[in-house]
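Undergrad: 3D, please:
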Amino acid sequence: MACVKRCLPLAVVATTLLAAAACGKDEAHRTPAPATTSSEPASAKAGAETGAAAEADPAARAAAMSDADLAGQVLMPYAYGSDATTVDKTSAAGNRGLAGVDTPAQMVAKFHLGGLILVSFTAQDPTGSTNPATNVENPQQVRKLTDGLQTAAREAELPPLMIGTDQEYGVVTRVTQGVTMLPSAMGAGAAGKPALTEAAWHAAGEELAAMGITVDFAPVADTLGPPANTVIGSRSFGADPKANADQVAAVVRGLRSAGVAAGLKHFPGHGHTDRDSHATLPVVKQSRDAWTAQDLPPFRSGVTAGADVVMSGHLDVQALDKGVPATFSHKIMTDELRGALKFGGVAITDAMNMPPAMQWPPGEAAVRALNAGNDMLLMPPDITKARDGILAGLKDGSLKRERLVEAVTRILTLKAKKSGRPAEGGSGAAHEQAVAALDAASITVLKGACGGPLLTGPVTVTAADGREAARINLVKALQALGVPVQAAGGKVIHLVGYGDSALDLDQSAAITVMMDTPYLLASAKSPTLIATYSSSRLSLTTLAAVIAGKAKATGRSPVAVAGLPRSAC
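TA: Reported below is the predicted structural model:
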């Protein structure tokens, strides 16, 4: 991807916006703007706030905020519409149902929001059920949207917004057009070269920064357990906690070096369950020792590497706090995350519109999550009720103002760190080179020859239903290398991917290629079995080079596949 033409700062410079008082339509609940911009700090005892103090001290800024401003700053909802101020009738109706407004910009101003998440719905996405809206199309549109959102915040005299998205690559990727598509996390795990991972994710970070995105809810730090865990699957780097820890740290470094905050998820670990938290409350039955050995290391490594955000998981981790979803557990989100791991950044909930979080009304759920130790609430199902619940909690004492000020202080601190940095898009060619190197190291032959052309003579590429784009990309890549490809009658290369089953295999194929977790290869009868862990164009280009004998498959499966080695090479 090329840089978006207007490579502007990620957000408005913090030294201007953090000094501004929050004000707007709801003046009865707002703190008036300070009249002075003196560089001399006011007396803390008097409780006054000068412009310079706000610039230098997010804690002072947060302490001076009204209750309504504090409540707004901890909210990060989604919105309908691909533009901040102009939306179609369907999007306006969606926003009215969610927040009682027509546009995303109005949502920012009405609720004094601290952030907004950009979402998209695709059918083959394990997180799709929580994303009813789609407001991303391509980098230029996203940049126009984020500029408009930041303008809305500035006009409401709010701090700059945290703008986040789930750009994991692989099956969970929000912006798919006009970006350099990385392999899935499991592909990076197969490559086993953190330096390549870091370089690829630096490229990704530059592209996200150019779109005005300040936090990426990635990497997935979950260590993968049972093969039945399809909600995490190839989103995880694999089953080895030490190798995962190295990969997680590499992603954090790559994103941070590009000016984007990395968000580890799903604390304290979603890998050792076969249930989906988008549908129910998964139970994690490991002992505490097993959790410490298997799930904790990647989170510890990510925090040590400088992750600015950690996302909670809606999980019943019985060894830590039996029966209490981690998002709502003080033992997990405060004692473990803050105490044991010494994490000082922003803790954010997983989506609050998921069933485990909706067992309580939105207002009560908001207060419970904040009291547990979360600083920000992601995707509340009803923004008004979440905000009003926070205000009611402050009034009746069920939520202490000190806890809310602490949360907002962390949020403002992160915003100050991520503001004022040029959003450089970088070179599209350089990005492709960095990502292609990671892809080249990931391709894994689990059965078959390891050198020379894997097939001779004409080939025919087939694919399971819904994989036509991948099939065409592989055909083009093979033809570019001089491999004769014909519509029928050639030696068959068959592609399968996320969600496919044994019924989607072609047992007569000469080569079967799995473009997601490699488990399905255990059921394939082909003499050559290959895992790419990804269906991206660059992954399939590398696959073509391996098939044509132009490259060696050096990857090693980061998960065990029944009856097959981690690599046949």
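Undergrad: And for Gly452, the neighbour number?
TA: Residues near Gly452, counting by other Cβ atoms under 10 Å, number 9. (C-beta placed from N, C-alpha, C; glycine too.)
Undergrad: from now on call the first residue 47
TA: In the new numbering, first residue 47, that becomes Gly498.
Undergrad: pretty sure it contacts Lys596?
TA: No. The criterion here is Cβ atoms under 8 Å, and Gly498 misses it with Lys596 at 10.1 Å.
Undergrad: Leaving out chain neighbours, which residue sits closest to Ser547?
TA: Setting aside the residues directly before and after it, Ser547 is nearest to Leu566 in space (Cβ to Cβ, 6 or more residues apart in numbering), at 7.3 Å.
Undergrad: Which neighbouring elements make contact with the helix or strand hosting Ala249?
TA: Assigned by DSSP states H and E, Ala249 belongs to helix 240-256. Other elements packing on helix 240-256 under the criterion 3 or more Cβ pairs under 8 Å, 6 or more residues apart in numbering; DSSP states H and E are helix 185-201, strand 213-215, helix 231-237, strand 261-262, helix 287-303, helix 474-488.
Undergrad: With mean pLDDT and mean neighbour count as extra columns, can I get those in a markdown table?
TA: Formatted as a markdown table, the helices and strands packed on helix 240-256 follow (pLDDT from 0 to 100; neighbours: other Cβ atoms under 10 Å):
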| stretch | mean pLDDT | mean neighbour count |
| --- | --- | --- |
| helix 185-201 | 97 | 21 |
| strand 213-215 | 96 | 24 |
| helix 231-237 | 98 | 31 |
| strand 261-262 | 98 | 26 |
| helix 287-303 | 98 | 25 |
| helix 474-488 | 96 | 21 |
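Undergrad: quick one: which of these is nearest Ile163?
TA: Nearest to Ile163 among these is strand 261-262; the distance by Cβ to Cβ comes to 9.0 Å.
Undergrad: residues in contact with the closest one?
TA: With Cβ atoms under 8 Å, 6 or more residues apart in numbering as the test, strand 261-262 has contacts from 161, 208-213, 250-251, 254, 301, 306-309, 354-355, 460, 464.
Undergrad: how about low-confidence regions in the stretch 47-196 of the chain?
TA: 47-102, 167-175, 177 (pLDDT under 70).
Undergrad: mind running it again at 90?
TA: The model of the stretch 47-196 of the chain has pLDDT under 90 over residues 47-102, 166-180.
Undergrad: tell me the helices in it, going along the chain?
TA: With helices called from DSSP state H, counting those that start in this stretch, the stretch 47-196 of the chain shows them at 60-63, 97-102, 104-109, 113-119, 135-145, 150-157, 185-201.
Undergrad: Which secondary structure state does the residue nearest to Ser547 sit in?
TA: helix (DSSP: H, G, I helix; E, B strand; the rest coil).
Undergrad: ok, back up a step: quick one, which of the helices and strands packed on helix 240-256 gets closest to Gly146.
TA: Nearest to Gly146, of the helices and strands packed on helix 240-256 and by Cβ to Cβ, is helix 185-201 at 15.9 Å.
Undergrad: pLDDT averaged over the following helix or strand past that closest one - what is it?
TA: Following helix 185-201 in sequence order, the next helix or strand is strand 208-211 (DSSP H and E). Averaged across strand 208-211, pLDDT comes to 97.
Undergrad: residues making contact with strand 208-211?
TA: Contacts of strand 208-211 (Cβ under 8 Å, 6+ apart): 57, 122, 160-165, 182, 192, 195-196, 220-221, 254, 258-263, 307, 309, 392, 422, 457, 460-461, 464.
Undergrad: Just give the nearest non-adjacent residue to Ala202, would you?
TA: Ala155 (4.4 Å).
Undergrad: Also Asn275?
TA: Nearest in space to Asn275, with sequence neighbours left out and distances taken as Cβ to Cβ, 6+ apart, is Asp320 at 5.4 Å.
Undergrad: quick one on the thing from earlier: got the helices and strands packed on helix 240-256 as CSV, with distance to Ala526 columns?
TA: Below are the helices and strands packed on helix 240-256 laid out as CSV (distance: least, Cβ to Cβ, whole Å):
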stretch, distance to Ala526
helix 185-201, 26
strand 213-215, 23
helix 231-237, 21
strand 261-262, 32
helix 287-303, 29
helix 474-488, 14
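Undergrad: so what's Thr558 up against?
TA: His540, Val542, Leu551, Asp552, Leu567, Ala570, Ser572, Thr574, Leu575, Ile576.
Undergrad: for it, helix, strand, or coil?
TA: strand.
Undergrad: if I look at it, how far off is Val538?
TA: Per Cβ to Cβ, to the nearest Å, Thr558 is found 9 Å from Val538.
Undergrad: repeat for Glu448
TA: Counting by Cβ to Cβ - Glu448 and Val538 are separated by 66 Å.
Undergrad: quick one: which of the two has more around it?
TA: Counted by other Cβ under 10 Å, Glu448 and Val538 do not tie: Val538 has more neighbours, with 18 against 9.
Undergrad: Sticking with the residue nearest to the more buried one when sequence neighbours are not counted, tell me its helix or strand.
TA: Nearest non-adjacent residue to Val538, counting by Cβ to Cβ, 6+ apart: Ala555, 4.2 Å away. Under DSSP H and E, no helix or strand contains Ala555.
Undergrad: quick one, strands of the stretch 397-546 of the chain?
TA: For the stretch 397-546 of the chain, strands defined by DSSP state E, counting those that start in this stretch occupy the ranges 423-424, 490-493, 505-509, 537-542.
Undergrad: could you dump these to CSV with distance to Gln340 and mean pLDDT?
TA: Output for the strands of the stretch 397-546 of the chain, formatted as CSV (distance: least, Cβ to Cβ, whole Å; pLDDT from 0 to 100):
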stretch, distance to Gln340, mean pLDDT
strand 423-424, 26, 98
strand 490-493, 23, 98
strand 505-509, 35, 98
strand 537-542, 29, 98
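Undergrad: just to revisit the earlier point, which one of the contacts of Thr558 sits closest to Leu586?
TA: Nearest to Leu586 among the contacts of Thr558, with distances taken as Cβ to Cβ, is Ile576, at 11.0 Å.
Undergrad: Could you look up the SS state of that closest one?
TA: Going by three-state DSSP: Ile576 is strand.
Undergrad: Give the bridge partners for the closest residue to it other than its chain neighbours, please.
TA: Distances taken as Cβ to Cβ, 6+ apart place Val559 nearest to Ile576, at 4.8 Å, with adjacent residues excluded. Beta-bridge partners recorded for Val559 (DSSP bridges): Leu541, Ile576.
Undergrad: ok, now which ones touch Lys331?
TA: By Cβ under 8 Å, 6+ apart, the neighbours of Lys331 are His318, Gln364.
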